[in-house]
Structure formats: C-alpha cells, structure tokens
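Student: A predicted structure for the sequence below; I have some questions about it.
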Amino acid sequence: MSSNQLLQQAQNTLWLPGALDEAGLVPVLESMLAKGANFADLYFERTVSESWSLEDSIVKDGSFSVGGGVGVRALCGEKTGFSYSDQVDLESIKKAAVAASSIATGGGNKISAIHSVSHSPLYQMVNPLDTLGPDAKVALLQKADALAREMDPNVVDVSVSLVGSWKTVLVLATDGTLAADVRPLVRFSVSLVLEKNGRKERGNGGGGGRAGYGQFDDAAVAKYVEDAIKMAQVNLEAIDAPAGTMPVVLGSGWPGVLLHEAVGHGLEGDFNRKGTSNFSGRIGTSVASELCTIVDDGTLQNLRGSLTVDDEGTPTQYTTLVEKGVLQGYMQDKHNARLMGHALTGNGRRESYSHLPMPRMTNTYLLPGEDDPEDIIRSVKKGLYAVNFGGGQVDITSGKFVFAASEAYLIEDGKITAPVKGATLIGNGPEAMSKVSMLGNDLALDKGVGTCGKEGQSVPVGVGQPTLKVDELVVGGTR
Amino acid sequence: MDIERELRTLQDRIRLALSIADKHQATAEVGAYQDQGLAVSVRNGDVDKVEFTRNHGFGITVYRGKSKGSASTSDFSDAAIERAVMAALDVASYTAPDECSGLADADRMAKEIPDLDLYHHWGINPEQAIKMAQACEAAGLSRPHIKTSDGAHVGTSDSVRAYGNSHGLVVAYPQSRHGISCALIASRSDNKGETMERGGWSYSHRLPDQLQDGAEVGAKAAERASRKLGSRTVPTGEFPVMYAPEIAGGLLGHFIGAISGGSLYRHSSFLENTLGQTLFPEWMDIYEQPHLLQGPASAGVDGDGLATYGKHFVEQGVLKRYVLGTYSARRLGLESTANAGGVRNLRCTSTHSLNELLTMMGTGLLVTDVMGQGVNIVTGHYSRGAAGFWVENGEIQFPVSEVTVAANLKDMFLNLRGIGDDIDARGNVQVGSILVNNMTVAGKRSERC
C-alpha cells in the first residue's frame, strides 16, 4: 500500500460524503492565515469500533460505534485557537475556522504549496472488524474462558473481551502538509479471579497491536490465559511485601512502564518549552547511568504504539532521547518544535478530532545491555524482583514517579524466593535512572495493551526494556 | 445553545430509535447528550488556548428476548440512528441470552423528574474568560517562590442529557458547570541545584456567580506549590495517617467500589458477603443525597430510568445496603438501589475539627497528594505513593515526599479514628479530613530492611 493509495482511501472516506476537496478547503486555511495565524490545520477523522465481552462463560454483550468529525486549529505565536465539528461539510468547517482563528491578530501569512507526505505504511490496510465473522469472535472469547477454567479448578470468575477499531485520519495544513493514515488497532484481554483457602486474587493477561484479529491464534490466546492464571496463582501464595529502600530488579518488557513514567513524560516538548519539567534545560547533561540509552520509536511494524504518520501528518521516527545516560532531546509536535526551534520528531498525537494534538510517546524503550538476567538476580543479597505492573504515574515537575507491582518476588542471597503482595514503588526520575547498575541482554517490548493518559486524552502506547537493576528504590510494602 | 430546542431534539431522537427497535420486536433503552462550552487558558499572563467545545452522542442498548446488543453514533440523522439501532440488533443476534438482562421493571420507572436547579447559563465571552483567568493566575504568580505558571483555566459548559426506554419513559434535563483552575510551579535553589514543585487548585459550580473568587484559587495554587519545597523522606515505620479533604474522597471511593454490584457478582471484592456486618466504627454513617439542589453530582433518574432517592449505605458502622443497578441487583437476587451509573453526592459523618484530629494523631503523616493505582479491590490491599507533611505533637513540622503508605482497606475502615468537619464539597464525594489508624509509611532505609 503506497502513501498515495492511503490518501485516496482516506479522501473517499472523509471528504467524499461532504463533497469536500482540496480546492475548497485551502481557502479556509488561507482565511485563518489572513486573520494572523502563523499556522493552521484541519484534522479529519472517522473511527468505527466494536467490542465483545464474555462473563459467566457466555458472550453477553457487544457494541458497535461510529464517530468522527473535523478539528480546526489555528496557532498564533504561543496562542492556540481550537474548534471542531462532527458535521463534516464546508459550512461547518468555515464556522469552526472563524472561531479557531479568533485568537489571531495581524495577518499576511501565506500558505505553502500543498504536497502529499510520502511514507511507508507500518501496518496493513485491513479493517480488523472484518477479519473475523461474528460467530468466530464469540468462539474466540469462549475458547479463552474454557481454557482458563480447565487450567485451574480454583477459577471463580472469568471476564474476556475483544476490542477492535479502524481509524481513518487526514491532515491538511498551511505548511503544505497533506497526509493520511488508516490505522487498525485490536486488543484481547483476560481477567480472572482465583479463590483458594478463603483467599481471592485477580490475574490479568492480554495483548494486541495494529493488525487484524488473526494475531489472536490458539497459541496467543493460551499465553494470555496462562499469564493471567500465573499472576493470580502467584499472588495467592504471596506474603506481605517489604517496606523501605532496597535494590529492585525489574523484569523485561512491560516493566518498561518505569521509563515511560520516570523519563518519558518529562521529555515531552510542551513541558520543556514551559519550563515545568524536571528535565527542562538539561540537554547534554547526565540524567541516567551510562548504561542507559532510551529511544522513542514509532516505526516498529504492527505495534500498538506505532504510527505511520502522527496526527499532524509528520512521519514517525526512531528518536534517541537519552544516549549513554546523557539527555539528547525532547519529543515534539509542530507547535512546540517551532517555539523551541527544534526539529519535528513525529510525536504530535491527539485522542480524536475533538482534542488538540500535543507531544506524546509512541513506543518508548531502553536498549539492551550485556548482563545475563540470571547474573543480575544473583548480584542482589536482599531485594525485590518485580515482573508485572498495573500502571504508573509521574509528577513531571518534581520528577517523582510511582508504579504498582502486580507480580513480584523477594530476592534473598541471589535467589528468587517468596512471591510478595503488590506494592507501589516510588522514586525520582533522574535519581532512579542514575542508579541503574546492571542491564540485561534480553530487551522485550510489551504485548500491546498500554494506554497512556495526559491532560484527559488517552492514546495507545508501547513500552519495553531488558531486565535491569536499580540499586535503590522505595518499596511500599507493609513489613 | 437553545436549550428548549435541544431538549426536544434529544427526546425526538430517542423516540425514533425506540420506535425502530419496537418494529423489530425488541425492547430498548437509549441515552443521548448534547453539550456546548468554552474553555480558555492563559500562561504567565498571555493567552495560551481558546477552545470552543461542542459534543453530542447517542447510545442504544437493545434486548432481543434476553440477548443484548449495543451501538453508538455521533451522527443524529434519521439514517444514522436507524443504522445504530440495526447494528445493535445485529450484535444481539450473536450474543447469548442472559436471564438477568433486560429493562428495569416498569413499575419502578421514575414518574416525574424533580427540578434540581442544575442549569444556569453563563454568557461569558472569550475576552471576559481570559481576563478572569489572568486575574486568577496573577494572584498566584505574585506569591513567594513561585517561578512560573502551568496555566490558569476558565471554562463553562451547558449540556442536555436524555434517557428513554421501551416502557414509554423519555426524560431530558439541562445542566451546566462552570469552573476555574490554576497550576503553578514553585522553585528553590540550594547547593545541590534547583528543585521545583507543582501545585494546583480548582473550583467548579453549577452557578456562575457561586464560582470562588479567582484570586483565591490562584493564591491557593501558589501555597500548595510552595509549601512542598524542601520536602524530604521519613524513616520507614508504622504511623497514623491523615488524608486531607481533597484526597479523602478517594478512600470512600474505594469503599463504594468494593460494595458496588459489578465487583460483588464477579467475586472481585474484599467486601463480598458483608451486608449487615460492622465495617466502620460505630459513629460512622455514609449516605448519598442525589437530590441536593445545585449539587455537583445530583440527578433525578439513574442510568436505568429509576427515580433516585437519598439513602444510607452505612449506618452506625454497619453496612446496610450495596450499591446496585438493575442488572447487578438481579444477579445478586436483590432490589436495585437506583444506583446505575454510581452514587450521587456521597457524604459521611464528621466527628472533629481539623485541629482536634491533628492533636489525636500526635505524631504521623498528613497526606495531601496520593499517586498511582496501588489499590486492589479484590483483596483490599492498599499501597500508594504519597506526599504531605510530617506531624509531631499535633503540629506540622516539614513537607514530606517520595514515601508510600500501605495497609489493608478493611483494617483502615474499621479503625478510622475520626473525620474532620473541614468538608471539601467540590466533588461527588463530599468529606472532611480522614484520620486512619496506623499504616506502614515506607521511606528511607531503616533497620528492618
């Protein structure tokens, strides 16, 4: 699929019903420049999505939704004007343009020649909703339920869900950008409760990505169920977690939530332009141990956090954020890159047409080191080994971050011993990253279930890391 | 927006959908909304964003026998509504019958919708809103240690919500919400470099003239940022913990989550099978007031079309009832408490003044910020990041950060020591400071680990 075919498809979906075309829309952009905006863009979107859910061993609910519209943005210096409409016709767009450009003063800026952005799509142009028939979707959920109940007789509740969406976006901007993307996204989730000797614990598993439902084959579904059962089984045997400062070994893959919180958010361009991030003004300085090279990479095939182009039409890229511990740069959208005089990085993302774009992560991960993961465990006399996490949160100004372990073990004399109950880990971003003292050779990315929230907007993201050791982190247990 | 016209439009769209479902021998329930507003933000005195918001949505659930299907759309045209109903019917032809599904019983439908005085339009224009946000921010920026602003916001929104179902019920009512907020950054430099702290405050109300003075909001944001400067950790140990009113609502929120039907019938709550048991000290009552005039969470009907009513969930420490909608009630063999969509204006007993609580606490941690998701409703296990102040002999000593607080919610609830009369009435849960008996506060290295 070439970028031209993508553009054609997007225009058919988004412009044809309202009889829109470039010739009619360019004057709208020009009208905003005439009012004094120095940049303006139109973002067209249509999303169809579905979800199916199973409870009590039957698929008892399903939903289908269609939504979309057009977002109109004008920038004037540091000011942003924004309006949107779910009526995608020229009259509504003109009205939104008047509202959005009400922040602008002056005038006289000229539109650049419109050119379609060329790129190579990172996922197939396939509507995931059509990749399985309804009966097969129902059967897929039932398979996971049956498997869970077969795997452990202590299962007292199983919930399974299948979610898919198909999002078509098209951007037309005064800097000449004309770009389209057609994005599939699917997710399969298993959540179950085990009860044994009067104790109950929940376990979760799942995965997904930018592809059809075909990826949820027997082996994948079995793995999600196994992960959920294992998490619950381990927690049924868990003892109280220790409390206080200690060495922490984090497993590979999903524990990369650490980077997302401890470093990632603090490196988003908007916070740094405003000087509100703990990382503001620190390019070229050390923000992590020399072992750490951290990248944001939107170009990985079929991954949940990947995008062919971002929501401003900029092709995504592999951006080195931190190299051998030294801060290299920030993640940018057009507004912040222009004000800071930085290059675009393809990180301008928005939840939908009714939200403004801002700098957001794609797939953020830590490159592998040379240590054998077993050696890392062996190096710890007394500490915590955490392999799975719920979610995290960061205060980008003070740098304080937390993340909650959902599967963790004690390390005693270099050996993994008793499982411990979930505990929150807390630290300060640069401080914690400077205490990374061993780095595994086992880089893994998460299975494709992450969603990141910022200022009320949710977008799908990926995280990853190899097994690593942080010499000192506060573990929030009770013992 | 023309409220009367929007009320009619939504009711008309709902009736259309219900009639299409009826033609296909299905029962249905439909929710729809329309809202319109303005949001402005300023930063360091300059305009940052001006956003004009206008959203609407339509969602339908159909029941073919006992099989359920749902669909939603943002397009209100006849054709789009018909497509949504057909999509929902299509889904319902694949889902399995569920004995408990279906509309709530006809005799429990709301008869009339009380006027709860929720709608008060604010005809502010962007320039006026910007001036107000600037004044709010300026009052904070002029305070000591404040380095920069993360923005001050003023917003207004009017909306119409509507619900209808095949029992013939179709209701619609307008509401408004207006708000002002400010976030500021305080900084201090010493020989180890610069440290920055963020602090914010917000206020919202149904009535524009009840909005708190902007300068007060800005000053409070400044105080909340600067008072965190110089924070440090504390030794790991067991201490009483007090939750400030602005975060105390979260604790009661966990309780409500654990007594909600969805958690109970999925065997996913540490409070399963506790009806009639003593879960709190004897002085504790927890109740909801859905008909509070101008209340932040007031509503006359619940998500299933039942008339809402005031009720106690906890009386003298004893759990009196769960939080149930129609479906979860049927699953548990109980009656709905008209709580489909949650609780509305939750309140509880106050026992002391803040100063009395501090004296009772003696030495411990006053928590003003919690972070992360470390709350497990299945087991009651609780472990969250926290920041606040160290208290000795009932007096605040110094700011604390980078610590965790952990315990089991069941023990925390049963051993509550008191609740302040310093009620924060801005949100759905309206409660004062909560003093919890010992929790594990984890901070810097101690002998025990």
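Tutor: Structure's in. What do you need? Numbering: from 1, shown residues only, chains lettered A, B, ... in the order given.
Student: unless I'm mixing things up, residue A:332 is touching residue A:349, no?
Tutor: No. Using CB atoms under 8 Å, residue A:332 makes no contact with residue A:349, being 11.3 Å away. All C-beta atoms are positioned from the backbone trio N, CA, C, and that covers glycine.
Student: Give the intersection of the neighbour lists for the two.
Tutor: residue A:359 (CB atoms under 8 Å, 6 or more residues apart in numbering or on different chains).
Student: downstream neighbour of the helix or strand encompassing residue B:80 in the secondary structure list?
Tutor: Per DSSP states H and E, residue B:80 falls inside helix B:78-92. Where DSSP H and E defines the elements, the next helix or strand beyond helix B:78-92 is helix B:126-141.
Student: and that following helix, what does it pack onto?
Tutor: Counting contacts by 3 or more CB pairs under 8 Å, 6 or more residues apart in numbering or on different chains; DSSP states H and E, helix B:126-141 packs against strand B:27-43, strand B:46-64, strand B:146-165, strand B:170-190, helix B:214-226.
Student: buried residues in the longest one?
Tutor: By that I understand strand B:170-190. Using 16 or more other CB atoms under 10 Å in any protein chain shown as the test for burial, strand B:170-190 gives B:170-187.
Student: Disregarding flanking residues, what is the spatial nearest neighbour of residue A:144?
Tutor: The shortest distance from residue A:144 to any non-neighbouring residue, by CB to CB, 6 or more residues apart in numbering or on different chains, is to residue A:160 (4.7 Å).
Student: Quick check: which element contains that neighbour?
Tutor: Using DSSP H and E, residue A:160 falls in strand A:155-173.
Student: try residue A:191
Tutor: Residue A:191 belongs to strand A:177-196, assigned by DSSP H and E.
Student: before we move on, the earlier item: of the buried residues of strand B:170-190, which are in range of chain A?
Tutor: Subset of the buried residues of strand B:170-190 in contact with chain A: residue B:185, counting by CB under 8 Å from any CB of the partner chain.
Student: What sits closest to the closest residue to chain A within the stretch 301-449 of chain B if chain neighbours are left out?
Tutor: Residue nearest to chain A within the stretch 301-449 of chain B: residue B:404 (2.6 Å; CB to the nearest CB). Distance criterion CB to CB, 6+ apart; nearest residue to residue B:404, sequence neighbours excluded, is residue A:476 at 2.6 Å.
Student: Residue A:223: which of the helices and strands packed on helix B:126-141 is closest?
Tutor: strand B:46-64 (33.1 Å; CB to CB).
Student: mean confidence for that closest one?
Tutor: The average pLDDT within strand B:46-64 is 95.
Student: tilt between it and strand B:146-165?
Tutor: Put simply, strand B:46-64 runs at 20 degrees to strand B:146-165, going by axes from the mean of the first three to the mean of the last three CA atoms, to 10 degrees.
Student: rewinding a little: can you spell out which residues form a bridge with the residue nearest to residue B:404?
Tutor: residue A:243, residue A:424 (DSSP bridges).
Student: where's the residue of chain B positioned farthest from its centre relative to chain A, distance?
Tutor: In chain B, residue B:191 marks the outermost C-alpha relative to the chain mean, sitting 42.1 Å out by CA atoms, centre = their mean. For residue B:191, the distance to chain A (CB to the nearest CB, to the nearest Å) stands at 17 Å.
Student: Wait, residue B:404 touches residue B:386, no?
Tutor: Yes. Between residue B:404 and residue B:386 there is a contact at 6.3 Å, judged by CB under 8 Å.
Student: can you list residues touching both of those two?
Tutor: In contact with both residue B:404 and residue B:386: residue B:441, using CB under 8 Å, 6+ apart.
Student: shaky segments in chain B?
Tutor: B:445-449 (pLDDT under 70).
Student: In JSON lines: the helices and strands packed on helix B:126-141, plus distance to residue A:35.
Tutor: Formatted as JSON lines, those follow (distance: least, CB to CB, whole Å):
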{"stretch": "strand B:27-43", "distance to residue A:35": "18"}
{"stretch": "strand B:46-64", "distance to residue A:35": "13"}
{"stretch": "strand B:146-165", "distance to residue A:35": "23"}
{"stretch": "strand B:170-190", "distance to residue A:35": "28"}
{"stretch": "helix B:214-226", "distance to residue A:35": "29"}
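Student: which ones are touching the residue of the stretch 351-479 of chain A found nearest chain B?
Tutor: Nearest residue of the stretch 351-479 of chain A to chain B, counting by CB to the nearest CB: residue A:476, 2.6 Å away. With contacts defined as CB under 8 Å, 6+ apart, residue A:476 is in contact with A:241, A:243, A:423-426, B:374, B:383-385, B:403-406, B:440, B:442.
Student: hmm, try it at 10 Å
Tutor: A:241-244, A:402, A:404-405, A:422-426, B:236, B:372, B:374, B:382-386, B:403-406, B:440-443 (CB atoms under 10 Å, 6 or more residues apart in numbering or on different chains).
Student: And residue B:6, by the same measure?
Tutor: B:32, B:33, B:34, B:35, B:36, B:56, B:158, B:159, B:160, B:162, B:172, B:174.
Student: So which residues on the stretch 251-400 of chain B come close to chain A?
Tutor: B:262, B:265-270, B:272, B:327, B:331, B:369-379, B:381-387 (CB under 10 Å from any CB of the partner chain).
Student: now with 8 Å?
Tutor: So far as CB under 8 Å from any CB goes, the stretch 251-400 of chain B lies against chain A at B:266-268, B:270, B:371-374, B:376, B:378-379, B:381, B:383-385, B:387.
Student: okay, among those residues, which ones form the most distant pair?
Tutor: So, those by CB to CB: farthest apart are B:267 and B:387, at 34.8 Å.
Student: Could you check which of these two has the larger neighbour count?
Tutor: Neighbours around residue B:267 and residue B:387, counted as other CB atoms under 10 Å in any protein chain shown, are more numerous at residue B:387. The numbers are 22 against 16.
Student: Secondary structure class of the more buried one, three-state.
Tutor: Assigned by DSSP: H, G, I helix; E, B strand; the rest coil, the conformation of residue B:387 is strand.
Student: Any idea what it is bridged to?
Tutor: Applying DSSP bridges, one finds that residue B:387 bridges with residue B:369.
Student: The one 4 residues further on too?
Tutor: Counting by DSSP bridges, residue B:391 forms beta bridges with residue B:364, residue B:396.
Student: pretty sure it contacts residue B:399?
Tutor: No. Residue B:391 is beyond contact range of residue B:399, at 11.4 Å (criterion: CB under 8 Å).
Student: Which one of these two is surrounded by more residues?
Tutor: residue B:391 (23 against 19).
Student: Next up, the contacts around the more buried one.
Tutor: By CB under 8 Å, 6+ apart, the neighbours of residue B:391 are B:242, B:358, B:361, B:362, B:363, B:364, B:365, B:366, B:397.
Student: Skip ahead from the helix or strand harbouring residue A:377 and say which helix or strand is next.
Tutor: Using DSSP H and E, residue A:377 sits in helix A:373-378. For helix A:373-378, the following helix or strand on the C-terminal side (DSSP H and E) is strand A:382-394.
Student: next SSE after that following strand?
Tutor: Taking DSSP H and E, what comes next after strand A:382-394 is strand A:400-412.
Student: For that next one, buried residues please.
Tutor: A:400, A:401, A:402, A:403, A:404, A:405, A:406, A:407, A:408, A:409, A:410, A:411.
Student: Alright, I will stop here.
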